[in-house]
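K.L.:
okay, predicted coordinates and the sequence, questions at the end:
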Amino acid sequence: AAQREDDLTADLHAAMEGTPAHMRKRIQELRKQADGPEDSAERRMARRVLGGAGSAVRANLRALFTEGDYELAVDLIEMAIAMRPEQSRNHFDLARAHAHLGNTKRALEALRQAAEKGFASAALVEGEASFVKLKKDAAWTEVLAKIRANPPEPERAGRGRP
C-alpha cells in the first residue's frame, strides 16, 4: 500500500510538470477516487496524495508572492484549487494574484468564489493592499458583504499567509 501511494504521488508530480491537460486529467482521476462514496484504502490514499500535493503547492506560494511572480502563482493556485476545490483560502490567494496582475474581473470572481466556499476574514480582505483597485468596482461591496456573512473559520495552527 505504501508503494502504491508513493507511485500515485510520483505520478501526480510528473503530471504537474507535464502538459496542463495531462495534469488536469490526473487530478480529476484522483478527485474521483477521493470523493468516492465508500470508505476504502484507495479513497483514503487518493485523499492523502491530493492533500500532500496541495500542501506542497501552498508552500511554494509564499516565495512566488515575495518574488512578484504572480503569473506562476496563478498557475499553482489553480492546481491547488483543482486538487482541493473546497478550500476557500486558495480562492482568496487566486484573487490576490490576479489583483497583482491587474486582472480586476478575475480577481473579483476569485474573491466571490472564496466567499461561496466560506472565506470569512473580511479584515484580511479589506486590508489586502493588492485589492485597492477592486474597491472601486461595484461588485466589491457585494462580495465583501458575502464574506462578512460567513461564519468564522476555525483557526489552523501554522497557517501562514503567502
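P.N.:
Perfect, I can see it now.
K.L.:
give the residue spans of the chain that score low on pLDDT.
P.N.:
Counting by pLDDT under 70, the ranges of the chain that qualify are 19, 154-162.
K.L.:
what are the ranges of the helices in it?
P.N.:
Under the criterion DSSP state H, the chain contains helices at 2-17, 20-34, 41-67, 70-83, 88-100, 104-116, 122-127, 139-149.
K.L.:
would you turn those into JSON lines with mean neighbour count and distance to Lys133?
P.N.:
C-beta: built from backbone N, CA, C; applies to glycine. What follows is those, written out as JSON lines (neighbours: other Cβ atoms under 10 Å; distance: least, Cβ to Cβ, whole Å):
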{"stretch": "helix 2-17", "mean neighbour count": "14", "distance to Lys133": "31"}
{"stretch": "helix 20-34", "mean neighbour count": "16", "distance to Lys133": "28"}
{"stretch": "helix 41-67", "mean neighbour count": "16", "distance to Lys133": "17"}
{"stretch": "helix 70-83", "mean neighbour count": "20", "distance to Lys133": "14"}
{"stretch": "helix 88-100", "mean neighbour count": "25", "distance to Lys133": "7"}
{"stretch": "helix 104-116", "mean neighbour count": "20", "distance to Lys133": "6"}
{"stretch": "helix 122-127", "mean neighbour count": "14", "distance to Lys133": "14"}
{"stretch": "helix 139-149", "mean neighbour count": "16", "distance to Lys133": "10"}
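K.L.:
Asn90 against Ile77, yeah?
P.N.:
Yes. Here Asn90 reaches Ile77: they are 5.7 Å apart, a contact under Cβ atoms under 8 Å.
K.L.:
quick check, central residue of the protein?
P.N.:
Residue closest to the average C-alpha location in the chain (Cα atoms, centre = their mean): Asn90, at 2.5 Å.
K.L.:
what sits against it?
P.N.:
Applying Cβ atoms under 8 Å, 6 or more residues apart in numbering, we find Asn90 in contact with Arg58, Ile77, Ala80, Ile81, Arg84.
K.L.:
give me that answer again for 6 Å
P.N.:
Contacts here follow Cβ atoms under 6 Å, 6 or more residues apart in numbering; on that basis Asn90 touches Ile77, Ala80, Ile81.
K.L.:
ok, those vs Ala41, which is closest?
P.N.:
Top of the list for closeness to Ala41, among the contacts of Asn90 and by Cβ to Cβ, is Ala80 at 24.8 Å.
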